[in-house]
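S.K.: only the shape, not the letters, is given here:
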């Protein structure tokens, strides 16, 4: 029976500390840009650990690494887990790397306790999740899932003109396995939440039911430039006044759809940016998110309606340009249940949660039943050198991952 | 009697057309930057016209030009009029040049009809009113009034490192007259309104009672950067949401004090300017104006109060930094009355108006009783190549100027 099996939290923490030395920054964070020499050092360390654990390592043509522990019924599709090792330029010590090393710890503990599984267990390290050096984000998992074409992606270049293919070759990780040659029977990704909900709700485990749909827009409000002094208030066609009236109504699109609706106006500026000129033009971005596609569509329609009505009252013009639409992802109910059962088995405080950010699991979910496990991060901060998580939560997430995998791979301890 | 004397509107219009050829732009505007070679050409044309009119031309050490028509009692202080010939980089054909050439037309008509005045009449062309090439605006009149020190102002440099003194010397307009050597008995400036009020109210003449006081601020709203996806709406400390709530209350400071109150938020932007990050900081300028210093002080206190209350409700911080304070100017009641009488004498629809923009007359008013005459400009547009005024209004303003000057200089036609 594997009911009481637990990972070695200290060993997992020690691996995280060792990996964080590769590309460590003065402020305690990490700079391990995809396909850089630092990324190669991190990959080499990871592959060394996989080989020490007796795993068979393969690399595909976009540099994704797969490390396999055989199953009793080795013809079955593997139960996969993993995440990414690359980071933002001023990234933290947990984003991505936690999911990779939690998966490694699961395999190590299976080895320690000589647990056999019917299905093989496979650890995946996806190339360039962050998209900081090369566009787009979630490149490796996206190519794997057939969302991006391999040859076209190889041609993407960083700011210095180096292509993905050149960088892969240069660090020795342009592998030979064809893209998508092996699919998983199921896939789990453990990750820090990158938000404040679990911490705020005092939960250890987030049972991730899906990923929010996202719509991006560029909004332009056009009025009439005028001199700040001579022009009376009632004769102005002030683009900023119109935009300021519009913004709260955009937030309402999310506030009216709690708890999952999100509306963000991130990039906002007036033109001409002149102290004594009534702005003739205001430009801003809008980011709307909801895990339900129907409600996201309602928010989309709502945005266009309020934009039209608010500016019309003021003699302004407004255009709302669609920039991007990423539909919501609902994870596989059985995988979600496996995560919830793992948390319950271990007695951890847990809650269902929707991921607000994209992850490799989003693309993998197009190819296999998929689930995710979130653990809290301090103050909800990520993509930042001060990103932090506790050893207790790190261990708890790995234990849930262990039991979700065991449930799917049908593991039993060899007596 | 000079009661029925009128300017030659066609001659004035023709002079405006000729001056507009100097520095004309493809879009029908003017680029005649202060102390440039183009400015020299314009000055030379103007000085030639003054000499043709029999005037004595002097130039002071900051390049202000004074052209004098003697009086019967020539020891009296001259009654002055004028404005500026420099323009914005994409300026119009009336801003400044209208006041100079309206004054010239007044003198031409006095000559034509052999009108003698007790006091001399003097035409002033002030250096660099626009401040487009050299800081600050209203440089020549400010130095003349003792607001700016001559030597320090000579050292101001344009973007290419050329100093005011070098530029004055280069175009031959660093004069020998000491600053402020002659003061005026009274001074009148004719100008386009640069705002929409006269056009909107269907008035030909604005009797300018004074110039608004101005207060400038830099406002910084500080919240907490967060990821647009994972961060629930109610847990955000969104600097833009706070700023958007604050902006309408800033406009209210002016809307609550009609018709003269003005509030403008001209330069506004969020940081980081990232589509999927809740802004942690928003910076914006505030420009508050009112012709009454007490009410402007109330607006100042109101701004600081609403800034504090709006952000406090939202867990944000806000700093309001004072940048500049220009107190209101009330023009001399007798000069204002002289303008009103001139409009009445001619039968023009007229109204009292407060200037929202600064003019040379603001600084001159520190040295002599001063008044201003506004005429409408199309759609209230100025500082723009499409700036426009009608020949009828141009003529009307010059007629009012003529009669205001005659009233002060006590002119009589020689039979």
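M.R.: Yep, it's here. Predicted model only: the values in this text are computed from it and were never measured.

S.K.: grab the nearest non-local neighbour of residue A:153.
M.R.: In this structure, residue A:153 finds its nearest non-sequential neighbour in residue A:143, 5.5 Å apart by C-beta to C-beta, 6 or more residues apart in numbering or on different chains. Placement of C-beta: from N, CA and C, glycine included.

S.K.: now name the helix or strand holding that neighbour.
M.R.: Assessed by DSSP states H and E, residue A:143 sits inside helix A:139-144.

S.K.: which parts of whichever helix or strand comes after that helix are buried?
M.R.: Using DSSP H and E, the next helix or strand after helix A:139-144 towards the C-terminus is helix A:150-154. Judged by neighbour count (16 or more other C-beta atoms under 10 Å in any protein chain shown), helix A:150-154 contains these buried residues: A:150, A:153-154.

S.K.: by contact count, what packs against the very next helix or strand once past helix A:150-154?
M.R.: Sequence-wise, the next helix or strand downstream of helix A:150-154 (DSSP H and E) is helix A:164-171. Packing contacts for helix A:164-171, counted by 3 or more C-beta pairs under 8 Å, 6 or more residues apart in numbering or on different chains; DSSP states H and E, involve helix A:37-52, helix A:150-154.

S.K.: deepest of those, which one?
M.R.: Highest mean neighbour count among the helices and strands packed on helix A:164-171 (mean count of other C-beta atoms under 10 Å in any protein chain shown): helix A:37-52, with a mean of 18.

S.K.: around residue A:373, how many other residues sit close by?
M.R.: Neighbour count of residue A:373, defined by other C-beta atoms under 10 Å in any protein chain shown: 30.

S.K.: quick one, what contacts the spatially closest residue to it that is not a sequence neighbour?
M.R.: Leaving out its chain neighbours, the residue that sits closest to residue A:373 by C-beta to C-beta, 6+ apart is residue A:190, at 4.5 Å. By C-beta atoms under 8 Å, 6 or more residues apart in numbering or on different chains, the contact set of residue A:190 is A:81, A:83, A:98-99, A:102-103, A:372-375, A:397-398, A:400-401.

S.K.: could you check how far residue A:360 is from chain B?
M.R.: For residue A:360, the distance to chain B equals 15 Å [C-beta to the nearest C-beta, to the nearest Å].

S.K.: can you count the residues close to that residue?
M.R.: Counted with other C-beta under 10 Å, residue A:360 comes out at 31.

S.K.: thought residue A:191 was touching it, still the case?
M.R.: No. Look at residue A:360 against residue A:191 with C-beta atoms under 8 Å: they stay out of range, at 9.1 Å.

S.K.: near chain B, which residues of the stretch 301-415 of chain A?
M.R.: Residues of the stretch 301-415 of chain A found near chain B (C-beta under 8 Å from any C-beta of the partner chain) are A:355-358, A:380, A:382-383.

S.K.: turn these into a markdown table, columns for pLDDT, neighbour count and secondary structure.
M.R.: Listed next are those as a markdown table, based on pLDDT from 0 to 100; neighbours: other C-beta atoms under 10 Å in any protein chain shown; DSSP: H, G, I helix; E, B strand; the rest coil:
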| residue | pLDDT | neighbour count | secondary structure |
| --- | --- | --- | --- |
| A:355 | 94 | 26 | strand |
| A:356 | 87 | 23 | coil |
| A:357 | 85 | 22 | coil |
| A:358 | 87 | 22 | coil |
| A:380 | 86 | 23 | helix |
| A:382 | 83 | 25 | coil |
| A:383 | 82 | 20 | coil |
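
S.K.: looking at the residues you listed, which is nearest chain B?
M.R.: Using C-beta to the nearest C-beta, residue A:356 is the member of these that lies nearest chain B, at 2.7 Å.
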